[in-house]
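Visitor: Here's my sequence, what's the structure:
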Amino acid sequence: QLHLVESGGGLVQSGGSLRLSCVASGRTRSDYAVAWFRQAPGKEREFVSAITYSGASTYYLHSVEGRFTISRANAENTVYLQMNALRPEDTAVYYCAAAFGGIKAQRFEYEYWGQGTQVTVSS
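Guide: Numbers count the residues shown, from 1 in each chain. This next block holds a predicted model:
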């Protein structure tokens, strides 16, 4: 079992930065992949980024590549999402999700989810 808690969301102007954190507790084996998803009002939840447990491999939604960076500190059971050059279209609730083993291809394959943190980017 893993319990995930996100933090770091907020209101920022277009072009600004935020760093989201996802802290895991419970069965804190580090061999779980973590992904960030986001959901804007009236839209489907979409994949944003993912990282393997070693941190050696990362993946990004095309529209955030070069602006967002995912990283993890396994000693602190924490995964970060550094978001730079934010745009109004990045506004959404951001969720972290985890699954033991490698990165999953489908959203439903992530067994553990946080409660979400709101990111609002004003124009």
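Visitor: which residue is nearest the middle of this protein?
Guide: Trp36 (2.5 Å; CA atoms, centre = their mean).
Visitor: nearest spatial neighbour of that residue, skipping sequence neighbours?
Guide: Val48 (4.3 Å; CB to CB, 6 or more residues apart in numbering). Using the backbone N, CA and C atoms, a C-beta is placed for each residue, glycine as well.
Visitor: Surely that neighbour touches Tyr59?
Guide: No: here Val48 does not reach Tyr59: they are 9.4 Å apart, not a contact under CB atoms under 8 Å.
Visitor: More neighbours: which of those two?
Guide: For Val48 versus Tyr59, neighbours defined as other CB atoms under 10 Å are more numerous around Val48 (24 against 15).
Visitor: The more buried one and Ala35, how far apart?
Guide: Between Val48 and Ala35 the distance is 8 Å, computed by CB to CB, to the nearest Å.
Visitor: before we move on, back to that, a strand runs through the residue nearest to Trp36, doesn't it?
Guide: Yes: assessed with DSSP: H, G, I helix; E, B strand; the rest coil, Val48 lies in a strand.
Visitor: pLDDT wise, what is it at?
Guide: Val48 is assigned 98 on the pLDDT scale.
Visitor: Contacts only, for it.
Guide: 35-38, 60-61, 64, 68, 81, 94 (CB atoms under 8 Å, 6 or more residues apart in numbering).
Visitor: quick one: which of these is nearest Thr52?
Guide: Set against Thr52, the nearest of the contacts of Val48 by CB to CB is Ala35 (10.4 Å).
Visitor: Show me what the closest one bridges to in the sheet.
Guide: Taking DSSP bridges as the rule, Ala35 bridges to Ala50, Ala97.
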